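Trainee: based on what follows, work out the 3D shape:
(one chain, ligands or ions: 1)
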Amino acid sequence: MALRPAAVRLATVTSVLSGPSGSADATPLVVRTVALDDDSPLLALVPREESLAWVRRGEGLVGWGAAASIRTKGPTRFRDASEWWKEHARSAVVRDEVAQPGTGLVAFGSFAFADEPGESVLVVPEVVVGRRGGTTWVTTVSRATIASPAAVRPADAPAPPAGVTFVDGAISGTEWERVVAEAVRRITAGELEKVVLARDLLATADDEIDVRWPLQRLSESYPMCWTFHVDGLFGATPEMLVRRERGLVTSRVLAGTIRRTGDDSRDLALAATLARSSKDLEEHEYAVRSVADALAPHCTSMNVPEAPFVLHLPNVMHLATDVAGVIDDDTTCLELAEALHPSAAVGGTPTEVAKAVISEIEGMDRGRYAGPVGWMDASGDGEWGIALRSAEVMGRTVRLFAGCGIVASSEPEAELAEAQAKFVPVRDAISGV
Ligand SMILES: C=C(O[C@H]1C=CC=C(C(=O)O)[C@@H]1O)C(=O)O
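Mentor: As a prediction, this is how the structure comes out:
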């Protein structure tokens, strides 16, 4: 595997102030990115321990190790992580021979859905391998001295999980239908317009699960989604909360769902039904509005398409809208993610009422499910998806999550079936076949 030589750029060194509960080491991070002549699938490179991933259609970033990290919680979880990141970005010594989005200093992160409970995390890996537009690179991060470029080679192949069984999580399907009915009652009574309710399943395997197995399955089966892993939270999300790149902000908003049947011509007819469904269009409109309203203060111009398109995934189809804007301030992608979270695709309308209803009636702790997950670089560019079609792995157990937008015309039984369909990606990926 040859490393190509190229030009050198060195940033200035300043002092480092650590974040409130970040790594205490005040030595600047020393970062080196070089081009890499390698075309192995990114996910085949990651070792079993401390892996990080953000991959779509063979491109993206994978990483391993932790050169620096911070855990935050509560209402200031985004702000604390942002400040910590800015300090590290300011003081880092960077030699970047590739200079693409995702080269130089990057952090992966995953944020709790709610202010309480839940912990959020931002990690600067020791090694990042990235690929974009046919260029592959490796970034090595260390403290104090410039490390040699990391040796990059395919890792050992993960073993499939064995003996996986599934049980209901916090509440059963029947109980969850009652929760949905209660939400419909409150919406009909005028307390709110939309709320997204979720449930969980618990899977247990015979042995500790190697997360690389489901990651590889998810990226193969759901190439149009962003396959991610940060600190045990993994999945393949179809929804981009916010991408910021060189002054352009984009967001893929999803809300409104129909299950696929496996029969292409029937699915096409169903796609047309979805595109005309007033219940789904209403659900979608709330989500688009919430994103457009949150981005507007940061943008000079915005494009919000008037009608959604239908996004076809292997398990479901969604109403989708791609919102784009030109950003006119230096708000980082993480700060934009904070401003957008929770959009009405995972919270509801009005946001604060929906958040209160979720915490009152949903009956479970979402943890980092439905929170922002992704990466950012030192310039504030990056991508934050919404952690959907996701699960949290802890040794032999995996906690899977799925949720549905509820409006006045929602039917509990149909919503339960929709949630079942949304469990399919992770359920199949950990089933070991
Ligand atoms: C909350 C989830 O999906 C959201 C994203 C797309 C479609 C949705 C829906 O139709 O309900 C949800 O708003 C989930 O997958 O857990």
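
Trainee: contacts, neighbours, all on C-alpha from now
Mentor: Fine.

Trainee: all the helices of the stretch 101-250 of the chain, residue numbers only.
Mentor: For the stretch 101-250 of the chain, the helices defined by DSSP state H, counting those that start in this stretch occupy 173-188, 212-221.

Trainee: of all those helices, which one comes closest to Ser69?
Mentor: Relative to Ser69, the nearest member of the helices of the stretch 101-250 of the chain by Cα to Cα is helix 212-221, separated by 21.3 Å.

Trainee: contact residues of the stretch 301-433 of the chain facing the ligand?
Mentor: For the stretch 301-433 of the chain, the residues in contact with the ligand (Cα under 6 Å from any ligand atom) are Ala345, Val346, Leu388, Arg389, Ala402, Gly403, Cys404, Gly405, Lys422.

Trainee: out of those residues, which sit inside strands?
Mentor: Using DSSP state E, the subset of those located in strands is Ala402, Gly403, Cys404, Gly405.

Trainee: most neighbours, which of those residues?
Mentor: Greatest neighbour count in these, by other Cα atoms under 10 Å, goes to Cys404: 26 neighbours.

Trainee: shouldn't that residue be in contact with Ala414?
Mentor: No - using Cα atoms under 8 Å, Cys404 is not in contact with Ala414; the gap is 10.0 Å.

Trainee: most packed of the helices of the stretch 101-250 of the chain?
Mentor: helix 212-221 (a mean of 21; mean count of other Cα atoms under 10 Å).

Trainee: hmm, who's touching that helix?
Mentor: 43-44, 46, 48, 55-57, 158-161, 225-229, 234-236, 314, 425-426, 429-430 (Cα atoms under 8 Å, 6 or more residues apart in numbering).

Trainee: where in this structure is pLDDT low?
Mentor: 1-25, 432 (pLDDT under 70).

Trainee: 90 instead, please
Mentor: 1-27, 143-155, 328, 432-433 (pLDDT under 90).

Trainee: break it into its domains for me.
Mentor: With domains defined by automatic domain parsing, the chain comprises 3-143, 165-429.

Trainee: I figured Ile430 hits Pro161, correct?
Mentor: Yes - if you go by Cα under 8 Å, Ile430 and Pro161 touch, sitting 6.2 Å apart.

Trainee: who has more neighbours, those two?
Mentor: For Ile430 versus Pro161, the count of surrounding residues by other Cα under 10 Å is larger for Ile430: 25 against 22.

Trainee: and the more buried one, what is it in contact with?
Mentor: Counted by Cα under 8 Å, 6+ apart, Ile430 has contacts Pro160, Pro161, Val164, Trp213, Pro214.

Trainee: now those as TSV including distance to Asp37?
Mentor: Formatted as TSV, these follow (distance: Cα to Cα, whole Å):
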residue	distance to Asp37
Pro160	30
Pro161	32
Val164	39
Trp213	25
Pro214	27
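
Trainee: what is the nearest of the residues you listed to the ligand?
Mentor: Pro214 (17.3 Å; Cα to the nearest ligand atom).

Trainee: about what we covered before: would TSV of the residues of the stretch 301-433 of the chain next to the ligand with distance to Glu282 be doable?
Mentor: Below are those laid out as TSV (distance: Cα to Cα, whole Å):
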residue	distance to Glu282
Ala345	12
Val346	15
Leu388	21
Arg389	22
Ala402	20
Gly403	17
Cys404	13
Gly405	10
Lys422	20
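
Trainee: separation between Ser379 and the ligand?
Mentor: Using Cα to the nearest ligand atom, to the nearest Å, Ser379 is found at 29 Å from the ligand.

Trainee: turn the domains of the chain into CSV, including distance to Arg153.
Mentor: Shown next, in CSV, are the domains of the chain (distance: least, Cα to Cα, whole Å):
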stretch, distance to Arg153
domain 3-143, 6
domain 165-429, 15
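
Trainee: quick one: closest of those domains to Val152.
Mentor: domain 3-143 (7.0 Å).

Trainee: for the closest residue in space to Tyr286 that isn't next to it in sequence, what are phi and psi?
Mentor: Nearest non-adjacent residue to Tyr286, counting by Cα to Cα, 6 or more residues apart in numbering: Ala344, 6.0 Å away. Note on Ala344: its backbone torsions stand at phi -70, psi 0 [degrees, to the nearest 10].

Trainee: start at 34, not 1
Mentor: Okay, residue one is now 34; in that scheme the one you just asked about reads as Ala377.

Trainee: strands along the stretch 334-466 of the chain, start to end?
Mentor: 342-345, 349-360, 381-382, 405-410, 415-419, 423-427, 430-439 (DSSP state E, counting those that start in this stretch).

Trainee: show me the contacts for the closest residue to Leu352 other than its chain neighbours.
Mentor: Among residues not flanking Leu352 along the chain, Val343 sits closest, at 4.8 Å (Cα to Cα, 6+ apart). Applying Cα under 8 Å, 6+ apart, we find Val343 in contact with Ala304, Leu307, Ala308, Met350, His351, Leu352, Ala353.
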